[in-house]
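>>> this one's structure only:
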């Protein structure tokens, strides 16, 4: 039986082995070159407060960054992703979100964004896009809303009052198409006045009102007799007060504002004296900027009708507000009334007054010596 070695001898043998075998350093495999290298071949970084080694050595890390994380490579990867189904869906969700809308708005008002929009609008593709948008149903509706809005009206008013607007208006009036349009309109008005005494009377009263406002005439007994105003002074005071509400004066009549009927004249029966008085009553008459009057035209607005009051409603309304169907029937009747007198294609109409202004034509039936025969504006 073998005797076990003494403990003292075992200790000495262990110390001898440790002294003979050198220290073996710790190794780590590089994910790039797949080599086992010592820790000093790796750079370190702080993760959650602890110092850790990178997965690639100091030789492989720069190579990896140059190939997979370069700006050029990122651009290629992003472009490929954006063109895909998932990429497009992601972009759409982001743009529709709060952050996406805020970022897009911020970019649009930035210097860089404005320059980009300017370049896009001037390009052939941009021009084609704008044209398609304007001619689309949605685009036309947007333009209509803008024109009816405060900003649109202000823009249009500034343009018309400006040098370019006045020049454009002058060119349009003096152009072949402009002269032909006035010729057609004048012929239509003359034909209707000759055939429709009620329409002729409408023009006579409007013409007299214009002359009283402008000071061409001082009195008109027939105007007072036909309207609800107690005197010429009563009419002028009412119009001056109404013009003051829109920050205008009597001197600005014509170019700045016009006498407008809240309920259109066409809704009243000018063959009935009571209806004429209701039409030309203080509650139905107001000063309105020229542009707004042209825009309103023969529109029946419920809020304006409420201002007029049932006592001055057209007799045919029987004291009741009009429904949408009744309004549409009125618009159709008014349009049809004008279509009846429009000259046929190729016809210029009578030659009398062809070169006169489209709202300064002459009429031939006035029974009052203090009124002339030109008709007033038909915009309302």
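Yep, that arrived. Computed from a predicted model, the values in this text were never measured in an experiment. Residues are numbered from 1 along each chain as shown.

>>> Next, give phi and psi for the closest residue to residue 322 other than its chain neighbours.
Among residues not flanking residue 322 along the chain, residue 300 sits closest, at 5.8 Å (C-beta to C-beta, 6 or more residues apart in numbering). For every residue, glycine as well, the C-beta is placed using N, CA and C. When read as degrees, to the nearest 10, the backbone of residue 300 gives phi -100, psi 110.

>>> now swap in residue 256 and tell me
The phi/psi pair for residue 256 (degrees, to the nearest 10) is phi -100, psi -50.

>>> burial count for it?
18 (other C-beta atoms under 10 Å).

>>> what's the distance between it and residue 287?
From residue 256 across to residue 287, the span is 9 Å (C-beta to C-beta, to the nearest Å).

>>> Residues that sit against both of the two, list them.
Residues touching both residue 256 and residue 287 by C-beta atoms under 8 Å, 6 or more residues apart in numbering: residue 248.

>>> For the residue nearest to residue 322, give me its contacts.
Contacts of residue 300 by C-beta under 8 Å, 6+ apart are 263, 264, 267, 322, 327, 330.

>>> Residue 156 touches residue 290, doesn't it?
No: Residue 156 lies out of contact with residue 290 (C-beta atoms under 8 Å); the separation is 10.8 Å.

>>> okay, these two: which has more neighbours?
It is residue 290, of residue 156 and residue 290, that has more neighbours when counted by other C-beta under 10 Å, with 19 against 16.

>>> secondary structure class for the closest residue to that one other than its chain neighbours?
Distances taken as C-beta to C-beta, 6+ apart place residue 258 nearest to residue 290, at 5.4 Å, with adjacent residues excluded. Following DSSP: H, G, I helix; E, B strand; the rest coil, residue 258 is assigned to strand.

>>> Check what pLDDT the nearest residue in space to residue 59 that is not next to it in sequence gets.
The spatially closest residue to residue 59, leaving aside those adjacent along the chain, is residue 33, at 7.0 Å (C-beta to C-beta, 6+ apart). pLDDT, residue 33: 92.

>>> wait, residue 33 sits on residue 61?
No: look at residue 33 against residue 61 with C-beta under 8 Å: they stay out of range, at 10.7 Å.

>>> for the chain, which residue is closest to the average position?
Centroid-nearest residue in the chain, with C-alpha atoms, centre = their mean: residue 146, separated by 2.6 Å.

>>> Where do the strands of the stretch 251-380 of the chain begin and end?
257-261, 285-289 (DSSP state E, counting those that start in this stretch).

>>> Using TSV, lay out those together with distance to residue 242, mean neighbour count and mean pLDDT.
Formatted as TSV, the strands of the stretch 251-380 of the chain follow (distance: least, C-beta to C-beta, whole Å; neighbours: other C-beta atoms under 10 Å; pLDDT from 0 to 100):
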stretch	distance to residue 242	mean neighbour count	mean pLDDT
strand 257-261	8	24	94
strand 285-289	4	23	94
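
>>> Quick check: which of those is nearest to residue 103?
strand 285-289 (40.3 Å; C-beta to C-beta).

>>> Name every strand pairing with the closest one and say which way it goes.
With DSSP bridges as the test, strand 285-289 is paired with strand 257-261 (antiparallel).

>>> re earlier: which one (most neighbours) among the contacts of residue 300?
residue 263 (25 neighbours).

>>> give me every residue that touches it.
Residues in contact with residue 263 (C-beta under 8 Å, 6+ apart) are 279, 284, 300, 304, 305, 308, 312, 313, 314.

>>> same deal with residue 289?
For residue 289, the contact set (C-beta under 8 Å, 6+ apart) comprises 157, 246, 248, 256, 257, 258.

>>> if I look at the last one, how far off is residue 342?
So the one you mean is residue 258. Taking C-beta to C-beta, one finds residue 258 at 24 Å from residue 342.

>>> Next, please give the residue ranges for the helices of the stretch 51-200 of the chain.
In the stretch 51-200 of the chain, the helices defined using DSSP state H, counting those that start in this stretch lie at 60-68, 71-83, 85-96, 98-109, 111-122, 124-135, 137-148, 150-161, 163-174, 176-195, 197-214.

>>> Minimum distance to residue 233: which of those helices has it?
Distance to residue 233, taken as C-beta to C-beta, is lowest for helix 197-214 among the helices of the stretch 51-200 of the chain, at 9.7 Å.
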